[in-house]
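Student: build me a structure from this.
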Amino acid sequence: MTPMSQPLLFSHSVVHSSICMRLALAISPCSQACAICCTFWLWTRSIRTPDSWPWGILTGLSYIYMVAAWGGYIFVLNMIAFHAVALVAMGRYTPKLHKAYTLFYVIGTYGAIQVPVVGLTPLKSMEQLGALGVFGIIQLMWIASIIRDMKDPSHKWDEKQVLTLRAAVFGAAAVGSVVVIMILAPMGYFGRFRGRAPAGLGRCLFPVPPLSFLHVPDRHGAVLL
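Tutor: Numbering: from 1, shown residues only. Okay, the predicted model is just below:
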């Protein structure tokens, strides 16, 4: 077991992911079940070694297929985001994590937006904004590392100085985020939280669309049935 895989296993154990996964696999066609497993495998593969981050491209493409097939993509998106932020919280942020998650999120979100029945919900839905927040956190960690390299090329700063720099970067970003939220919220930009899990699974942290939502044909033919 590699250190990178430990947070993912922990995240699977502390949430009701087993229930959600069984639901997704039970009500989804074989292609969607394979896409769920494939996306998780590609993500873990993309952060395995310092040079494996290009696998993040395939992770994003696999996620796009999941969105088009409507196979519990919100669950997978939140699980990958949770794994990434867990690594950051454990002090395991690395350039490969930044590159892998950035590729996954940018490519995956762009592809998801192209599906007519999804549209801009990845950037509006309360169920998916967590992944966007993780994307922002990882970008801020990257910005802080760049500033540190500029001010401390020899990396002689102690941990307190590094934490102070990160706190300043995150503080400035938090102020900007509050301003943006205050502008967009009154306009009704953010959608309300909608638990999509069937009755009895409403407390599932990562909701999976019920069967009635999974196979609704779209007039544009963008959803793969």
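
Student: list the buried residues for stretch 121-137?
Tutor: Of all the residues in stretch 121-137, those buried under the rule 16 or more other CB atoms under 10 Å are 121-122, 124-125, 127-132, 134-135, 137. Bear in mind the C-beta positions are built from the backbone N, C-alpha and C, glycine included.

Student: restrict it to CA atoms and write it as CSV.
Tutor: Output of stretch 121-137 as CSV, limited to C-alpha atoms (Å, rounded to 0.1, in the frame of the first residue of the first chain):
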residue,chain,number,x,y,z
THR,A,121,-24.4,22.7,-13.2
PRO,A,122,-20.8,21.7,-12.4
LEU,A,123,-20.1,25.4,-11.7
LYS,A,124,-23.5,26.1,-10.0
SER,A,125,-24.8,23.0,-8.3
MET,A,126,-24.1,22.9,-4.5
GLU,A,127,-23.4,19.2,-4.9
GLN,A,128,-20.5,19.9,-7.3
LEU,A,129,-19.0,23.1,-6.0
GLY,A,130,-16.9,21.2,-3.5
ALA,A,131,-14.7,19.9,-6.3
LEU,A,132,-14.4,23.5,-7.6
GLY,A,133,-13.3,24.5,-4.2
VAL,A,134,-10.7,21.8,-4.1
PHE,A,135,-9.5,23.0,-7.5
GLY,A,136,-9.1,26.5,-6.0
ILE,A,137,-7.2,25.2,-3.0
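
Student: and that stretch, average pLDDT?
Tutor: The pLDDT scores in stretch 121-137 average 88.

Student: circling back: okay, and which of the buried residues of stretch 121-137 map to helices?
Tutor: Using DSSP state H, L129, G130, A131, L132, V134, F135, I137 are the members of the buried residues of stretch 121-137 that sit in helices.

Student: which two of those residues have the greatest separation?
Tutor: Largest separation among those by CB to CB: L129 and I137, giving 12.5 Å.

Student: about what we covered before: could you export the buried residues of stretch 121-137 as TSV, including distance to K156?
Tutor: Below are these laid out as TSV (distance: CB to CB, whole Å):
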residue	distance to K156
T121	46
P122	41
K124	44
S125	44
E127	44
Q128	41
L129	38
G130	36
A131	36
L132	35
V134	30
F135	31
I137	26
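
Student: now for the helix ranked longest in the chain, which elements pack on it?
Tutor: Of all the segments of type helix in the chain, defined by DSSP H, the longest one is helix 159-184. Here helix 159-184 touches helix 129-151, going by 3 or more CB pairs under 8 Å, 6 or more residues apart in numbering; DSSP states H and E.

Student: run through who's touching the helix it packs on.
Tutor: If you take CB atoms under 8 Å, 6 or more residues apart in numbering as the criterion, helix 129-151 is touched by 77-78, 80-82, 84-85, 88, 93, 95, 97-98, 101-102, 105, 122-123, 155, 157, 162, 165-166, 169-170, 173, 177, 190.

Student: so where's this protein uncertain?
Tutor: 1-33, 70-71, 190-225 (pLDDT under 70).

Student: where along it do the helices fall?
Tutor: 5-14, 17-27, 30-46, 55-69, 73-89, 95-113, 129-151, 159-184, 211-214.
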